[in-house]
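Undergrad: what's the 3D shape of this:
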Amino acid sequence: MPSNDPSALPSLVTIGCVNFGADPDDLAASLAAILDWVRKAARQGCDLVVFPELALGRWGRCDGCAAAHAPCPRHLAEAEVVPGPSTLAIAALAAELDIHVIVGMSETDPDDPTVLYNAAAVIAPDGILGTYRKVHLGIPLETDRFTPGSELPVFDTRLGGIGVQICYDFYNNPEMSRILAQKGARILVNPTGRGDLPRGRDNLRRMTLVRAEENLAVAASSNRCGDRHGSAWAGGSVIACPAYPGFGEVIAVADESEQLIVGTVNFDKIAAWNDVLPWRDWRMGGQAGATRLVADEFAALADKAES
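TA: From the prediction side, this is the model:
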């Protein structure tokens with residue numbers, strides 16, 4: 001489990017989120033844009049920069065995937081194992097610029113090339129730490145193409161523990177954020193593909209702020225923007241954190257245009273809240289019975305749904 005000992009971690013961390021507008025049908029151009037944004041983030045002093053869901057991957061309905069209820073040959077050919085050419089290129093730049101990068105992508109299972117994951121690669125200056133694979137697949141264009149992940153990792157970095165959730169994982173499944181925070185994540189990252197629905201940017205802002213407040217952790221959401229091939233994206237990337245004596249505040253937010261937002265987090269102010277409201281200690285201490293009850297109730301509901 002990552003160490004959250006404040007004496008072993010930096011008190012100030014600068015995070016960037018990219019409102020990403022590259023063409024999802026041109027993966028080479030997307031990679032070039034990602035590398036360019038990483039350079040810009042490093043110039044602005046970012047310790048971590050986040051890109052959206054499937055920043056390296058095709059979006060939209062695919063008739064081939066829908067007909068087969070499985071990845072079509074085009075999507076299989078374009079996905080990559082990790083490490084692979086794209087993540088190695090990003091890792092080389094991350095090492096050169098001393099920056100952490102999280103990027104959404106279509107990942108090929110290294111043991112079965114017919115299996116794809118909606119994933120996010122987590123890259124540190126000293127190499128590729130691994131991937132998080134989206135657990136909660138939603139709309140049919142995902143379930144036809146991707147296999148759900150089966151793990152909730154927390155990545156141990158010099159910035160502290162980082163937990164990743166992808167889009168629907170983050171919005172409607174608050175227990176995931178709580179588990180990641182309890183496992184040691186002090187930064188919750190949400191690479192998302194939020195469509196330009198009514199009040200889409202407002203919803204992204206509110207949900208990111210709520211996840212930060214209820215877990216006393218930093219929350220950072222990176223979204224696509226623009227209108228590509230009939231898909232309109234809301235933009236509105238946002239960074240939020242608790243800051244004693246306030247429960248939470250938005251420290252950076254984007255509009256609908258392509259841009260990099262940057263915010264510096266003071267973890268000393270978050271630690272002050274942990275002194276007042278040490279919920280992590282409570283949940284696994286005197287409230288361990290309540291934690292077990294909630295877990296048992298979820299398990300019973302899952303058993304009922306599967307029966």
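Undergrad: mind giving me the domain split of this structure?
TA: Residue ranges for the domains of the chain, per automatic domain parsing: 10-276, 279-307.
Undergrad: look at the first one and report the distance between its end residues.
TA: It refers to domain 10-276. 21 Å (Cα to Cα, to the nearest Å).
Undergrad: with stretch 234-249 instead?
TA: Stretch 234-249 end-to-end distance (Cα to Cα) = 21 Å.
Undergrad: now do that stretch, average pLDDT.
TA: Across stretch 234-249, pLDDT averages out at 89.
Undergrad: also stretch 44-62?
TA: Here the average pLDDT along stretch 44-62 is 91.
Undergrad: roughly how far is that stretch from the heart of the chain?
TA: How far stretch 44-62 lies from its chain's middle: 9 Å, per Cα atoms, centre = their mean, to the nearest Å.
Undergrad: for it, buried residues please.
TA: 46-59, 62 (16 or more other Cβ atoms under 10 Å). Where C-beta positions appear, they are placed from N, C-alpha and C, glycine not excepted.
Undergrad: and if you look at stretch 277-288?
TA: In stretch 277-288, counting by 16+ other Cβ under 10 Å, buried: 279-280, 283.
Undergrad: so who does the residue minimising distance to the centre of the chain touch?
TA: For the chain, the residue nearest the mean C-alpha position is residue 190 (3.0 Å; Cα atoms, centre = their mean). Applying Cβ atoms under 8 Å, 6 or more residues apart in numbering to residue 190 gives the contacts 164-167, 169-170, 208, 211, 219-222.
Undergrad: for residue 18, state which of the buried residues of stretch 277-288 is nearest.
TA: residue 280 (30.4 Å; Cβ to Cβ).
Undergrad: got a list of what the closest residue to the closest one other than its chain neighbours touches?
TA: Sequence neighbours aside, residue 182 is the residue nearest to residue 280 in space, at 6.0 Å (criterion: Cβ to Cβ, 6 or more residues apart in numbering). Residue 182 makes contact with 280, 283-284, according to Cβ under 8 Å, 6+ apart.
Undergrad: any chance you could list what contacts the biggest helix by length in the chain?
TA: Determined from DSSP state H, the single longest helix within the chain is helix 288-306. Here helix 288-306 makes contact (Cβ under 8 Å, 6+ apart) with 175, 283-284.
Undergrad: quick one on the thing from earlier: restricted to helices, list the contacts of residue 190.
TA: 169-170, 208, 211.
Undergrad: distance to residue 42 and pLDDT for these - can I get that in TSV?
TA: Formatted as TSV, these follow (distance: Cβ to Cβ, whole Å; pLDDT from 0 to 100):
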residue	distance to residue 42	pLDDT
169	28	94
170	26	94
208	24	96
211	26	95
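Undergrad: could you redo the residues you listed as TSV and give each row distance to residue 26 and neighbour count?
TA: Converted to TSV, these look like this (distance: Cβ to Cβ, whole Å; neighbours: other Cβ atoms under 10 Å):
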residue	distance to residue 26	neighbour count
169	27	25
170	27	25
208	29	29
211	32	27
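Undergrad: most widely separated two among those residues?
TA: 169 and 208 (13.1 Å).
Undergrad: please enumerate the helices of this protein.
TA: Going by DSSP H, the chain shows helices at 27-43, 63-68, 73-78, 85-97, 140-143, 168-171, 174-182, 200-215, 267-276, 279-284, 288-306.
Undergrad: pick the most buried one from these.
TA: Of the helices of the chain, the one with the most neighbours on average (mean count of other Cβ atoms under 10 Å) is helix 168-171, at a mean of 22.
Undergrad: next, the spatially closest residue to residue 58 that is not a sequence neighbour: phi, psi?
TA: With sequence-adjacent residues excluded and distances taken as Cβ to Cβ, 6+ apart, residue 58 is closest to residue 24, at 5.5 Å. Residue 24 adopts backbone torsions of phi -70, psi -10, taken as degrees, to the nearest 10.
Undergrad: residue 24 and residue 54, how far apart?
TA: Distance, residue 24 to residue 54, by Cβ to Cβ, to the nearest Å: 7 Å.
Undergrad: again with residue 8
TA: Distance, residue 8 to residue 54, using Cβ to Cβ: 34 Å.
Undergrad: re the thing from before, check the offset of the longest helix of the chain from the chain's centre.
TA: With Cα atoms, centre = their mean, you get 26 Å for helix 288-306.
Undergrad: and for stretch 260-273?
TA: With Cα atoms, centre = their mean, you get 18 Å for stretch 260-273.
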